[in-house]
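K.L.:
give me a 3D structure for the following:
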Amino acid sequence: MYYSKNIQYPFFRNLLLCLSIFALAGVVCWNLHQRLGYRKQALSRSVLEQRIAAFSFKHIVARCKKEHGYTEEDMGLLEQELKRYFLLIALDPMHKRSLDMYSRDVDNLWHAFILFTKEYHDFSHQIYGRYIHHVPNIDKAREKTVEERIALQKAYRDFILYYEETFNESINQIWLLDALWAEERANSK
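P.N.:
Numbering: from 1, shown residues only. Take a look at the predicted model:
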């Protein structure tokens, strides 16, 4: 049977149309996948450390210092610990660990960083291949059950162990100074 340029049979015309749409959707999805920076494999620890260390926090540090009255020494420590926190997140891409923020001071620097939206977006995509959201604790009014409090305390202990294993040293005191704050957060979650 002879077929003209215009397919006469509705079934074949519809099939061709569906295949074309699926092919186009596949191309669009692949392009988005590539543009959003999803990686086929995780970056090595040394590459992550280099990229995080190379990122300049100069204007972010200046803003945080001005807003909160920190000293230069404080800001050096906070920058170091926020960069370490970002490395801990990057080394756990499957989110096997609870990596809540346990230092109010380090969190202040993270908040200052987020205000520089372009830099924060670029940093997130360069390090993680995606945007890293900061999720605030908004459930402060609710009393926690004993089981919830135990789980949150375990998560805090696990965070300390993960930090110490990763950096092969005792956790910096900045993460322990706010143990009461962490306890408040545990009670409010």
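K.L.:
buried sites along the helix or strand encompassing residue 73?
P.N.:
Using DSSP states H and E, residue 73 falls within helix 72-90. Within helix 72-90, the residues scored as buried using 16 or more other Cβ atoms under 10 Å are 74-75, 77-79, 81-90. C-beta: built from backbone N, CA, C; applies to glycine.
K.L.:
swap in stretch 159-172?
P.N.:
Neighbour count says stretch 159-172 has 159, 162, 163, 171, 172 buried, by 16+ other Cβ under 10 Å.
K.L.:
which of those residues fall within helices?
P.N.:
159, 162, 163 (DSSP state H).
K.L.:
reformat those as a markdown table; add pLDDT and distance to residue 177.
P.N.:
Compiled in a markdown table, those are given as follows (pLDDT from 0 to 100; distance: Cβ to Cβ, whole Å):
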| residue | pLDDT | distance to residue 177 |
| --- | --- | --- |
| 159 | 93 | 14 |
| 162 | 95 | 19 |
| 163 | 96 | 14 |
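K.L.:
closest to residue 136 out of those?
P.N.:
Among those, residue 159 lies closest to residue 136 (Cβ to Cβ), at 17.8 Å.
K.L.:
contacts only, for the closest one.
P.N.:
By Cβ atoms under 8 Å, 6 or more residues apart in numbering, the contact list for residue 159 reads 97, 98, 99, 100, 102, 175.
K.L.:
compare those residues and tell me which has the most neighbours.
P.N.:
residue 102 (24 neighbours; other Cβ atoms under 10 Å).
K.L.:
lowest-confidence helix or strand of this protein?
P.N.:
Lowest by mean pLDDT, DSSP states H and E among the helices and strands of the chain is helix 179-188, with a mean of 56.
K.L.:
how near is residue 105 to residue 111?
P.N.:
According to Cβ to Cβ, to the nearest Å, residue 105 stands 11 Å off from residue 111.
K.L.:
one more: residue 86?
P.N.:
14 Å.
K.L.:
look at the closest residue to residue 75 other than its chain neighbours and say how many residues are nearby.
P.N.:
Closest residue to residue 75 apart from its sequence neighbours, by Cβ to Cβ, 6 or more residues apart in numbering: residue 61 at 4.7 Å. The number of residues packed near residue 61 is 21, by other Cβ under 10 Å.
K.L.:
and residue 61, what element?
P.N.:
Going by DSSP H and E, residue 61 is in helix 58-68.
K.L.:
tilt between that helix and helix 72-90?
P.N.:
120 degrees (axes from the mean of the first three to the mean of the last three Cα atoms, to 10 degrees).
K.L.:
who are the packing partners of helix 58-68?
P.N.:
helix 72-90, helix 104-115 (3 or more Cβ pairs under 8 Å, 6 or more residues apart in numbering; DSSP states H and E).
K.L.:
can you lay out the ones you listed as TSV showing mean pLDDT and distance to residue 45?
P.N.:
Below are the helices and strands packed on helix 58-68 laid out as TSV (pLDDT from 0 to 100; distance: least, Cβ to Cβ, whole Å):
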stretch	mean pLDDT	distance to residue 45
helix 72-90	96	8
helix 104-115	96	21
